[in-house]
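Engineer: Take a look and give me a structure for this.
(chains A, B, C and D)
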Protein chains: 2
Amino acid sequence: MQKVRLVDVAREAGVHAGTASRALNPAARDTVSRQTVRRVERAARKLGYTPNTVARGLRTSRSFVIALVVPDITNPLFPYIIRGAEQVLAESGYTLVLTDTNNNPKTERSQVTAMRARGVDGFIVATARWLDPVLDDLAEAAVPTVLVNRHNEHSPLPYIGTDDRHGIEMCVHHLRELGHRAILHLAGPADTSTGRDRTSAFRQAMRGNELSAGRAVVQCGSFTEQAGADAVDAALARGTSFTAIVAGNDLLAIGAMEALAAHGIQCPRDVSITGYNDVDFMRRLTPAFTTVRVPLHNMGMLAARTLVNWIRGTEPETGTQILLPVEFMARGTTAPTRGLGRLRVEG
Amino acid sequence: MQKVRLVDVAREAGVHAGTASRALNPAARDTVSRQTVRRVERAARKLGYTPNTVARGLRTSRSFVIALVVPDITNPLFPYIIRGAEQVLAESGYTLVLTDTNNNPKTERSQVTAMRARGVDGFIVATARWLDPVLDDLAEAAVPTVLVNRHNEHSPLPYIGTDDRHGIEMCVHHLRELGHRAILHLAGPADTSTGRDRTSAFRQAMRGNELSAGRAVVQCGSFTEQAGADAVDAALARGTSFTAIVAGNDLLAIGAMEALAAHGIQCPRDVSITGYNDVDFMRRLTPAFTTVRVPLHNMGMLAARTLVNWIRGTEPETGTQILLPVEFMARGTTAPTRGLGRLRVEG
DNA sequence: GCGATCGCCACAATCGATTGCGGGCTAGTA
DNA sequence: TACTAGCCCGCAATCGATTGTGGCGATCGC
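Structural biologist: Modelled structure (predicted):
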């Protein structure tokens, strides 16, 4: 790439390449006289030397690259995580390579092996499925890897997530305070931890409020508007009555509201809805969505920091989970209930 | 990383490492007997050999990595571009490394030099400023680089963008059809080509419709809601009258609407507004925004394809510009004008 | 039947930085 | 003066794959 190599610097400074290497390496600088260090540094600056990272990587088998695996970068959840991670990594001297698996386990696997061949120093994985052999491989091969946003069944890999249990609990409690007793839950996919954890939290919160969650959980196949709409249609079709919906995430919530509107049911007059994540535009919609805000940027930063520390020697204990606090955002899609009257007619 | 090297494969197959290398390299395979090729391939498969990309990169000085530089990944414009590029690159055998410059020229420069030291094969740059020394360096060093979304003053680097002139022309024409004659333009920053090009297009379109653009252009310091709101406040404060706004992008448009609302001016009843880009959530707002949709995904794909072809030998002609067609999306923020009456009172 | 040609493969240099080892030189001690 | 202890630095191997060069044996042509 650029023509100036370490030997050029060494020649300019009148020393051997090995010596120049030590002079430029903070960890070995004390094996070289102060004078020589100065001469080498001056020569390096004069020639505009930048070390060849590839050659260094070959010798040291460290690349200072870490890979971030996301399922779909157009999902507004991820840019904030990426940005947080990138900041921390950049200031720690690491480069981020991004791979978008397009929600496809096959490309996930092939991308991860490609990254491994490339000698990345570690992985941040945001695509974890509940059962995920790729993660098992990574764990077995002892490749530094941290999970963010989603985790898998019972893996030794550290996980940075949010306190979903508390988030859902706040949703249920808020609705209860507004008088709702018939609350529906749109459950995220069972092959994601976010889906499972929130559903389990919902059941627990309902019990805690002495409400029945029996018929109240509708399973959704994916975290999309379409799935949310379908779930509401199904619930309505089988005559389930409810005055509120706790959605597994924001997109499900939006889909739910659209489906309700198509049935002439208004939000929040007839039915209240809560989302989850507080994706950027939720507050701009009309009505603005009541939802749970998760600290995406922090999650990214923390994941990166955990990984960098691991690479530098302090391996996290197996099974470590860091759950960040969430914030309940009461906005316009929740209101005091007026009872089931209208719903009965429509259902 | 993985312990099996080319020499291991060679030993297993009973040949020299050099021969094994040729046998595995499609371009050199014909200098080796078919038998040997088979033996080597079998050995490679048996041992689970994956070539060490770092060592290869050192020798060949090709990394099969390309860097994508974006100013701010949380800007909803970029994920779609990234995704398009990533798809093309992955299927061409390239890896994408992402760097977010946080809109800071300094980090842009340092990141680009770091990437160069890393030996990336090329750049896709979405951060171009109108005067951008980093791009000049890249061009001078003959590093394959393609610009996307924004370009700089007069550079030899190929540029993939959209037909902004036509897009703005459609906005003005649409408003003219609705009877608007006093049209304000919120101009994007003058250090971006998108800002400059659209403003110039606005002026031309106004002339083409025999309207005056004299006082009608308000400069904005950045592509943010805040800047849009400030611009409208300023226009109102100095008594400029208008019944429609052509904003330089979607965020400016949103900010403009908020500022108008704060003055008791309703959209679209009193003032019509058009945005630009049709970022994901524009259609969900109330009212849904009239705006111009740009093919972000295609831009990313095309940029990647252009770059890959360049690396493979077919360098684009200097100054190549590819402008993709845009689509006008008439929605709820534009309506027939009812005259300046209300505005005069408020102004 | 002998030299020229060709196919196939081994050898070794190379990419650029890092690092274990050992030697030279100075200083300090007896 | 002689000998040891350190401090600095040069030497050369090393990481793993690629590739120019040359040699061996077999085939072809005359």
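Engineer: Show me how far stretch A:283-293 is from its chain's centre.
Structural biologist: In terms of C-alpha atoms, centre = their mean, to the nearest Å, the centre of stretch A:283-293 is set 21 Å apart from its chain centre.
Engineer: swap in stretch A:10-22?
Structural biologist: For stretch A:10-22, the distance to the chain centre is 45 Å (C-alpha atoms, centre = their mean).
Engineer: Contacts for that stretch, please.
Structural biologist: Contact with stretch A:10-22 is made by A:6-7, A:9, A:23, A:28-29, A:31-32, A:36, A:39-40, A:42-44, A:46-47, as judged by C-beta atoms under 8 Å, 6 or more residues apart in numbering or on different chains. All C-beta atoms are positioned from the backbone trio N, CA, C, and that covers glycine.
Engineer: same deal with stretch A:90-101?
Structural biologist: Here stretch A:90-101 makes contact (C-beta under 8 Å, 6+ apart) with A:64-73, A:82, A:85-86, A:89, A:107-108, A:111, A:115, A:118, A:120-121, A:127, A:304, A:308, B:65, B:82-83, B:86, B:90, B:95-99, B:107, B:111, B:114-115, B:118.
Engineer: from the contacts of stretch A:10-22, which is closest to DNA strand C?
Structural biologist: Of all those, A:Leu6 has the smallest distance to DNA strand C: 3.0 Å, by C-beta to the nearest atom of the strand.
Engineer: wait, isn't the closest one in contact with A:Pro51?
Structural biologist: Yes - under the criterion of C-beta atoms under 8 Å, A:Leu6 makes contact with A:Pro51 at 7.0 Å.
Engineer: Find the residues that touch each one of these two.
Structural biologist: A:Leu24.
Engineer: neighbour-wise, which of those two wins?
Structural biologist: Taking neighbours as other C-beta atoms under 10 Å in any protein chain shown, A:Leu6 and A:Pro51 compare with A:Leu6 leading, 19 against 15.
Engineer: can you give me the strands for the stretch 101-250 of chain A?
Structural biologist: Under the criterion DSSP state E, counting those that start in this stretch, the stretch 101-250 of chain A contains strands at A:122-125, A:145-148, A:159-162, A:183-187, A:217-219, A:244-247.
Engineer: Redo those as TSV? Include mean neighbour count.
Structural biologist: Shown next, in TSV, are these (neighbours: other C-beta atoms under 10 Å in any protein chain shown):
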stretch	mean neighbour count
strand A:122-125	25
strand A:145-148	27
strand A:159-162	24
strand A:183-187	27
strand A:217-219	19
strand A:244-247	30
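Engineer: Let's have these in JSON lines, adding distance to B:Phe328 and mean pLDDT.
Structural biologist: JSON lines is the format used below for those (distance: least, C-beta to C-beta, whole Å; pLDDT from 0 to 100):
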{"stretch": "strand A:122-125", "distance to B:Phe328": "40", "mean pLDDT": "96"}
{"stretch": "strand A:145-148", "distance to B:Phe328": "40", "mean pLDDT": "97"}
{"stretch": "strand A:159-162", "distance to B:Phe328": "41", "mean pLDDT": "96"}
{"stretch": "strand A:183-187", "distance to B:Phe328": "36", "mean pLDDT": "97"}
{"stretch": "strand A:217-219", "distance to B:Phe328": "39", "mean pLDDT": "96"}
{"stretch": "strand A:244-247", "distance to B:Phe328": "34", "mean pLDDT": "98"}
